[in-house]
Each structure stands twice: as C-alpha cells, then as structure tokens.
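Visitor: Any chance you can model this:
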Amino acid sequence: MSLAVSKKGLTLKELLQRTSHRNAKVRKDALMGMKDLFLMYPEELKLNMHEVIQKLCGRFGDEDKMVRETLYQLLKSVIFPTCNEDMPFIHLMMGYIFVAMANLAIEVRLMAFKFFYLIVQYYPAAFSLHGEKVLQNYADILQKNQFCLEDKGRLKNVLVGLLRCLSLLPSKKVEVDTFKKEVHRRVLHAYEPTRPTDFAGIAQHHVLIFLWVFVELHFAMPSFSFCIYGHDDDRYFSLNVVIAEIFLHLDEWIRPPAELLEKFLAFMEHALLDKIHGETRSGREKQMLTLVHFMPKLVAQVIGDWKSRLLQAFTKTFLDCKPESSVKLACLAAIEEMLFSRKGMWQPDGYDPEVVGPLITWIRELPVLLILLGDRHPSSSEAVLHLLLDLGRFASPGTFLAKEYDEVQKSLQEFYCTYQEGDKCYGPFTRLPLECQKLSIYSLAYFSHLDSPLLTSVTLCCLRPDLDEDVLFLIIEHLHSIFRRGKIEIQDHLSFFVTLVTRFNVFPENIRSAIEEGTKFSNRGTFKELIGVVFSCLEQMGDASLVLFLLEREILKQILLKPPLDNACAMLRILVRLDSKPTRLSEESIINLSNFIPSYLIDVVHCMGGFDAEPKEAHFRTLMDYIVPCFYMFESSRKLLNLVLNGMGSMITESRINDIVSVLMLMLKDDKMNRIISSSRAEFDHVSHSIRSLKLEDSSLTVGERRRIQYALEQLKTVRSSLDQEMQRAKQDINKRVEGNEGPGSDVLTTPISKDLCLKPESRRSGKVLNKKRSYAQFHLDLGQSDFNFRTCSACGVKYAPGEEEDEKNHKTFHRNYTHGFQYKGCRNERVVHMPCSELGRIVLVLGSYSPAQRNKVQEVVKMMEIELGGGWIFHKLCKARGFLTIIKLVAGCLVAEPIKEAFKVLPCSVDKRSDATKKNSKSDSTTLRFGEIKLQRETTKKAPTVNSLEVLDRKSNGAIVCEEKAVSAICGIRAIWVTPSNRRKRIAAQLLDAVRKSFCIGFTLQQSQIAFSPPKSAGKALAFSYTGTTSFMVYKPNAVDS
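Guide: Numbers count the residues shown, from 1 in each chain. Next up, the predicted model:
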C-alpha cells in the first residue's frame, strides 16, 4: 500500500483496522476517513478494492445505526460508482447481507434489505441470483407481524423495500383460485421471457405468502379502513399508499379475493377524490403520482360501476391539480395510455360508452391547459401537444372523437394569437421551443376543416418578427398540404398568401442602408425566400390564369393602399409570375397599376439615392430587383407603359425631376426596354415638355434648381437621340429584308432548347439567292464497294458514316432513345398526376419552376419531338407551358400544354369522317363460260386501295384546316404531343390527354371537347377526332417566340 493519508493523517491500512474498533464513534470516523481518502486518491481504491470490500462487509450487521448509515453512504457515493465492471466479490457481500437479514435486531435486518437494494441498483444481476432468498426473508418478517402493529414506521420501511424488489420481478399473469388454492400459469403466443426463468418458483410460493399477509393486515389493522382522522393522518396515508402500490404490483401475479380488491379500489377512489385529507393535499404529490400511474391498469381490469367511479375520481384529480405540477403531467401520460394503448378504451371499431363523459372533459381541458402553462413549462406543454396530436390521428372522420376534436379549434385561437380592434395578442406558441411548435403545427392537419378564425390566428403568428424562419416555412408547407387535401377553402388559402406578402415586416425599411450595413440586421433574405415558396405553392394550385383571376382583385386592392416597397415589389412579382404575354389583366387593373407604378418607381429610385452613370454593382443589382417586375409588365402591355409615362409627365415637380429622369435612364439601359420604349416617343416627349414647362413657368426657382432642371433636360435629350437611333436601325433592317426578298417568316428569332441541332431536318428557304457560288462535288466510281458517304436512318432521320465506330455508336444510342424512349430514374419531388391502369407506369408533371434535372429531361424529349414536328417552337424560354411525361420504365411520350384564352372550332367539312376514297369501287364484268350445255356466269369485282380519309383530305387541302371565324373561350391548349414509335397504338396519347384534363385546373376536370390543339398534321387530326369524338374540335394559334 502507498503512503496516501486522509485529512487526519491516517493511511488506508490504519483506517481499515479502525473499522473493527469496539468504539462506535471510532468505527464511524474510520469510514468517514476512508471516504475522504478515496475522493483525494481514487487510485487507492482501485488498487486495494478486494481488501477494502472484505473489511467493510463485516460492518453490514454493525449494531450501531450511525455506522451502518455511514457505510451505506460510502458504498453509494464512492465505492460502487468507481467500479464500472461487475465485481467478482458480489457473492462475498451477499453472504454477509444474508447474515444481517437473520439478525435478531429488526433495525439491522431492515438495513440489510437496504444494502441489498443498493447492490441491485449497480449490479442488477444480483437479484436474479439471490432474489428468491431475499423475498423469503421479506415473507418471514411480514408473517411475524406483531412489530408491524406496534410500529407503523417500521412496517412502511419493510413495505418500501418489498416494493422495490417486486418492481424487479418480470410482469407475468398468474390466476389464483382463492378457494382451491391452485396456481394456473398462462402462456401467450409461446412468449419466451428475457429474464431468468427461476422466478417461476418465486412467483408460485412467495407471492401467495404476501397475499396471505395482506389478508391478515386487512383484518388486523383498523387503519386500513382509510377513515382515520388525527395528527397521524399523513403517516397513515403514506403507509396505505405503499401497501396499495405493493398490492397493485402483486395483482400482475395473482387475482386477489373480491373483498380485499374492493377495499383497495375504495382507497384509490377516496384518495383521488380527496376525501381523506383535503387540507394537506399539496404535500402528498409524490404519493398521488403512484396512484395515477396505476390508473390505466386498474381501469382496464375492473368491471361493473367501478370503471366509471374511478374515471370520475381521476378526472377530478386531473382538473384540480396545478397545471405545472408533476401530477398533471402524470395524468396526461395516463390519459394517453388509457385511450391509445393496445387495450385502450378507444378502439377503431368502437368505444366504451362509460368513457364518453370523461373523454369530453379531457379533450376540452387540453387547450385551456396549454394557455395556462404558457411558455414557462415546455415539457408539460409538449405532453399536451403530443396528446392532442394522438387524438387527431385516432379520430376517424365522422366519429364522435373527430367531432370533439374539431371543437378544439375555437379554444386554440388564444394559443396562437388573438386579434381585436387592431391589437394583436400573441399566445404562448411563438415562445415555445421548436419541438412544441412543430407538434402544434402537425396537429392542424387532423381537423376535418380548418376554419378561418384559426387560420387567421396562425397567419398572425407567421408575421411575428422573432418567429424562427424554419417554423415559418414549415407552417406554409403544412398549410398548403392541408389545402391540397381539401380541408381549407381556396379563398382562405389565397388570403393567407396575400396576407403574408402584404403584411410581412421587412427591416430595415431603408433599402440603401440595408445594402451598406449588410444582411446581419436584415430579414430581406428571409422575405425573398418566402416569396419563392409562395410562388411554388401558387403554381401547384393549378392553371396560372385561373389563380390570377382569383387573386387579381385582392392584390390590386392591397397595392392601391401603397404598402412598403418590398411588399409592393412582391405583389408585382406575383402578378408577373401568373400573367402571360400579352397580358391577361383587366382594363380596370391596367388603369389601377398605371396610377401606382409611377410613384412606386420614383420612390425606389429615391430610396436608392438616384441613378448614376456607373453605379455600384450591389446598388444596381438591388435597384433592378425592384424595377424589373415593372419592365415585364410593360413588355406584356404597351398600354400600361404609355399610361405610366403619361403619369410621370403629370407628376413633374422640382423635387422629383432627377428621380423621374433616373427611371427613364434605367429603361434605356435595358436592351429590351430600349426597343419597347421606342414605340412610345409621344409619351416620352410629353415628359420632356413637362420638365421644360416647369423651367419656364416657375420664376421662383433658384439658380441651383434651374441647373438641375437643365441637366435633366440634357439627359432626356440623350435618351431621345438613342430612341431615334433605335428607330433608324429598325428601318434599315426592314429595307434589307425588302432588298433581299426575304419572306416574312425569316424575321422570327427562335431560341432553341439546345444548340446541337445536327439531328434536326434541314430548313428550307424560299426566294432567289444572289451571287450563287459554284459548287464542287467529289465524284467516285460505283464498283459495289461499301457506302463511304453519309447514310440517313429511315427511322430516326440521323445522318451517320457507316464503318465509323464512334459514329455508329452515337447513332445506335440516339436510335434507341428515339424509338423506345429515354431512361428516367425519377426524383424525390416529382409530381405524379396520373397512374394508368393498363401499364405499370406513371405520368409526371414538370413546370418551369421545377428542378433542373426534370426540366432537362423534358428538353431532351423535346429535341426528339422536333425531328417530326419541327424545331424551335415547342418549348422555348418564353413559353409558359407545362410538360407531361409518360414513364413506363422509359420516357414513352411527352405532352406540352399551355394556358390559352380563346380557340376556334374546326368546320366539319375539313375533317370528314366519310370519304368516297374508302368506298368500294365495284366494277362488274360479266362473262359467260360454256361447258357443253352448261352456262356459268362470272362476275369480277375490283376494289380501290383503302386510304385513310383524313390523309386523303390532308393531301387535297395541303394540310389546311378550315375554322369558324368567331372565337370561343378556352383554357387549355395542347401545344405538342408525341409518343415514341415503339409505344404507339397503345393509347399513351389518350392517357396523356386524360392527365391534362384532370390536373390542369385544380379541383376541376375539363371535358374532352374543352381541349384545344395547335394546328395539327394528318396524324394530329386523327388523334383529335378520335379523342374528342367530334369533327368540330378546337384549334388555336400557339404564341410565337418574341425577339
């Protein structure tokens, strides 16, 4: 042993020797010295563990109470925590403990049980090895119950120790016939217990002894009548709770006599109803936790009126205890177990009528409890929200539970936010931890219908500045999911988006300061991300034209209220995103926008400090973010541009001149706006004239003000000269086309999806070519050798060089993709709109805002379509179309649809179902054959070849279609449809059209006759006639590609 010493200078060897001293104080001091020594020198304990344990085991039966308590604390706080592995001397310690359990002094025996339970806490295997003998000692003490009647404190200590041991026994049901005294074991589904099977003997022998002891206590102890009053009431109550807990543990092993069971149930009812000690209940929270814990098991087992009596008593405890108390938390756990466990009271196929009354009380108490808890007790709030979520999950539509769950909406408004007379009062939702907020959001999905008041409360929480952005986006995503299930009205859902966009508080409000100070103290990034999420949700709601129709009036109403610049810009972006070219906005909306946009543009430029010739990159990029939506609107509506320019001209004042000129300079800097504004020179001249009039009419202007006006006029002059140059260039282009005899079609500028157009058929140009160069061709002799020229595949149209390995490999890959389809692995967020019944495939919708991988797949398919249908017009960048892909392991077909306003009906004469070409043209040539006196008549019938009537008519009319002059309103236009050659004649085109009809407008299925087609070829006419069932199907003119 080393020379480590305690605080009193004693070595470990000296301290171990003093533990056997005849003086109890010396023994106690030695144990305290060992504790100090081991805390200062932990290695001493590890090196001398065996000697220390062997010496201390003799003190388990020490006659002095203080020595035993000191030893207990030494083992608990120092020795056992230091030993991580199982000690090999457990058997040695248990031998000394069993000796102490047989001691004549009852205090020593009780302390021995305490030592045993301490060993089991750190080494649970000790109970499986020695549990039977320990229970035998407990049974021996309880059978000699004379001391129990004399000292209730000792009885409580014995019962508490017994309770700890019984809690370690495996849960196993044993029915005992109290009359025949026979034990029957029940085995369920050949269950093999994970604990040692030696407990079977313990259960069959000792548990019956404990039952007999309790029967004797029942008749021998008047205190167990639960009606004692006096100064010892609390002590008796604690004792009775321990006895009840042991009884409830034994109930898993035995079926007690009915009289004894009635007594225990009566105690439970009286304790929960607070009929025993009403004035001191606050001090008995620990005992009440025990009783509440066993409520689910009792309610599941009892029969008769005891179930309703216990539920009523439990409900009173649940309502009376404080919201933040541990009893309330235990009640919530008990309610969840009683309702939703495997043998709970609430089952999918029905429910117990006796639970209806308490269940209504519990459900209606939950929202009130949430509000009372506030944000001070998040663990309790989380338990309440978990229970609410489970109630919603188990509430089948139309059931009693679902109706009660829907009633919770009214009470939950205060949990989120209340709004009265312009004042918002936020509930605890925004201050709770993230996990609680998620649970409350998830529970909204299980209401049969989300009412407007609750949706308003949730919306107001989204507008709170300190709300975590993850929670904000989770709310938007979850509410949109609820809307898609049909649980939110479309008008309420759109109002939710409009409220977010118009009332979201962006800070700081000054745009320029936000740029200079950075994004550390700004939430503009969050707002931009919010707008992107709103865009995505609006696109998923259906056709953009219908969504615009529903939103247009409300957005214009909010815009005219002149919100902050960020919110106004967001609303303009929504209009641009939903609009098309030319604009779908009504005349009233155009006029309202023309009244708002001039002041909006001036305010944006003013907040940015004007527009310099060479502004900073960050300033210019931010400035254009606010102005570009207006440019898109001007491009869609020239009338709006003219009205805005006129409005600026009427708003000319000395303080606004520089800002208005800056706006015009920004328009000039954009190439596309430069071309558009060239057609509005009259309005532009009106602005210049207004500035010039201000200079001449206002004589009170200072010299500096006049200089600023003159500088503005010079800038406008520069803009005007630039417009003149643009007009001159346009005239020169026209003259060049006239001189070159170029057709009008050559003016169309296309933006192909891919520059790799070598697979596209060659384009043809009309007109005479000037200065034609002499062509030189390489001649060769045809001697039967291999074709070393380019060969054109008759199936896919690709030119390739035979014999070139790489060229043939490329042709083979392209030929396979064109004939059979592309590989498509799918993606996580793909939107499946139709599942055909005939094939193991799916139809996927791809919008312009979807992932690049999905858009690229559509573009690859479009390249194939262009081989047969022509290139550059199907899916260009300005086309607001959506792609539908049919996937049967490979991409088997593609349909491109777009929103339209009008279409024209085809005249039946241009697509005639019947044609003379298909009729049999019979020509009879009768001849007579003679065989002696027999005459035979022969008749010959010649048939014309069968030709498709549509193809005949298409050739006769050169592919032209005759339509009615009057246009009819239409919504959906089929821009192009194509199926791979190997998958044709399998109704894939019809399935694509079915998918479009069902998904183009949310909540509405189009009729077959309501679909319009782009001008079709012969095959397209056949498809349109076959699908619509009429020769008068509708056609429309697809939008051209703008320059």
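Visitor: From now on I want contacts and neighbour counts done on CA atoms only, so please keep to that.
Guide: Fine.
Visitor: Can you point out the buried residues in stretch 330-344?
Guide: Ala330, Cys331, Leu332, Ala333, Ala334, Ile335, Glu336, Glu337, Met338, Leu339, Phe340, Gly344 (16 or more other C-alpha atoms under 10 Å).
Visitor: Can you lay out those as JSON lines showing distance to Asp807, pLDDT and secondary structure?
Guide: What follows is the buried residues of stretch 330-344, written out as JSON lines (distance: C-alpha to C-alpha, whole Å; pLDDT from 0 to 100; DSSP: H, G, I helix; E, B strand; the rest coil):
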{"residue": "Ala330", "distance to Asp807": "76", "pLDDT": "92", "secondary structure": "helix"}
{"residue": "Cys331", "distance to Asp807": "77", "pLDDT": "93", "secondary structure": "helix"}
{"residue": "Leu332", "distance to Asp807": "73", "pLDDT": "93", "secondary structure": "helix"}
{"residue": "Ala333", "distance to Asp807": "72", "pLDDT": "92", "secondary structure": "helix"}
{"residue": "Ala334", "distance to Asp807": "74", "pLDDT": "91", "secondary structure": "helix"}
{"residue": "Ile335", "distance to Asp807": "74", "pLDDT": "91", "secondary structure": "helix"}
{"residue": "Glu336", "distance to Asp807": "70", "pLDDT": "89", "secondary structure": "helix"}
{"residue": "Glu337", "distance to Asp807": "71", "pLDDT": "87", "secondary structure": "helix"}
{"residue": "Met338", "distance to Asp807": "73", "pLDDT": "87", "secondary structure": "helix"}
{"residue": "Leu339", "distance to Asp807": "71", "pLDDT": "84", "secondary structure": "helix"}
{"residue": "Phe340", "distance to Asp807": "67", "pLDDT": "80", "secondary structure": "helix"}
{"residue": "Gly344", "distance to Asp807": "71", "pLDDT": "57", "secondary structure": "coil"}
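Visitor: out of those residues, who's nearest Pro428?
Guide: Leu332 (19.4 Å; C-alpha to C-alpha).
Visitor: That closest one and Met624, how far apart?
Guide: For Leu332, the distance to Met624 equals 56 Å [C-alpha to C-alpha, to the nearest Å].
Visitor: Check the gap between Leu387 and Val355 for me.
Guide: 16 Å.
Visitor: Show me where the stretch 751-900 of the chain has its strands.
Guide: Here the stretch 751-900 of the chain has its strands, by DSSP state E, counting those that start in this stretch, at 791-792, 799-800, 822-823, 831-834, 842-846, 882-888, 890-899.
Visitor: gap between Cys331 and Gln301?
Guide: Distance check for Cys331 against Gln301: by C-alpha to C-alpha, it reads 18 Å.
Visitor: Need the pLDDT of Glu509.
Guide: Note on Glu509: pLDDT of 68.
Visitor: same check, this time on the one 5 residues further on
Guide: Turning to Ala514, the model gives it a pLDDT of 58.
Visitor: ok, back up a step: nearest to Glu382 among the strands of the stretch 751-900 of the chain would be which one?
Guide: Using C-alpha to C-alpha, the nearest of the strands of the stretch 751-900 of the chain to Glu382 is strand 831-834, at 34.2 Å.
Visitor: just to revisit the earlier point, the more surrounded of Leu387 and Val355?
Guide: Ranked by neighbour count (other C-alpha atoms under 10 Å), Leu387 and Val355 place Leu387 first, with 23 against 17.
Visitor: Can you name the residues that contact the more buried one?
Guide: Leu332, Glu336 (C-alpha atoms under 8 Å, 6 or more residues apart in numbering).
Visitor: The helix or strand containing it: which residues count as buried?
Guide: Using DSSP states H and E, the secondary-structure element containing Leu387 is helix 378-394. Neighbour-count burial for helix 378-394 flags 378-389, 391-392, 394 (criterion: 16+ other C-alpha under 10 Å).
Visitor: buried sites along the one helix or strand Leu372 maps to?
Guide: Leu372 is located in helix 356-373, with elements delineated by DSSP H and E. Buried residues in helix 356-373, counted by 16+ other C-alpha under 10 Å: 358-359, 362-363, 365-373.
Visitor: quick one: Ser545 from Arg18, how far?
Guide: 95 Å.
Visitor: so where's the stretch 101-250 of the chain uncertain?
Guide: 127-128, 130-132, 135-250 (pLDDT under 70).
Visitor: Can you give the domain ranges for this protein?
Guide: Following automatic domain parsing, one gets these domains for the chain: 1-89, 137-188+205-293, 303-449, 822-911+961-1035.
Visitor: what packs against whatever helix or strand Cys461 lives in?
Guide: According to DSSP H and E, Cys461 maps onto helix 452-462. Here helix 452-462 touches helix 400-416, strand 417-420, helix 490-503, going by 3 or more C-alpha pairs under 8 Å, 6 or more residues apart in numbering; DSSP states H and E.
Visitor: Now do it and helix 400-416, the angle between them.
Guide: Between the axes of helix 452-462 and helix 400-416, defined by axes from the mean of the first three to the mean of the last three C-alpha atoms, to 10 degrees, the angle is 40 degrees.
Visitor: follow-up on the earlier one: kindly reformat the strands of the stretch 751-900 of the chain as TSV containing mean neighbour count, distance to Lys581 and mean pLDDT.
Guide: Shown next, in TSV, are the strands of the stretch 751-900 of the chain (neighbours: other C-alpha atoms under 10 Å; distance: least, C-alpha to C-alpha, whole Å; pLDDT from 0 to 100):
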stretch	mean neighbour count	distance to Lys581	mean pLDDT
strand 791-792	12	40	76
strand 799-800	18	38	74
strand 822-823	18	33	72
strand 831-834	18	27	76
strand 842-846	22	21	82
strand 882-888	24	16	65
strand 890-899	24	11	86
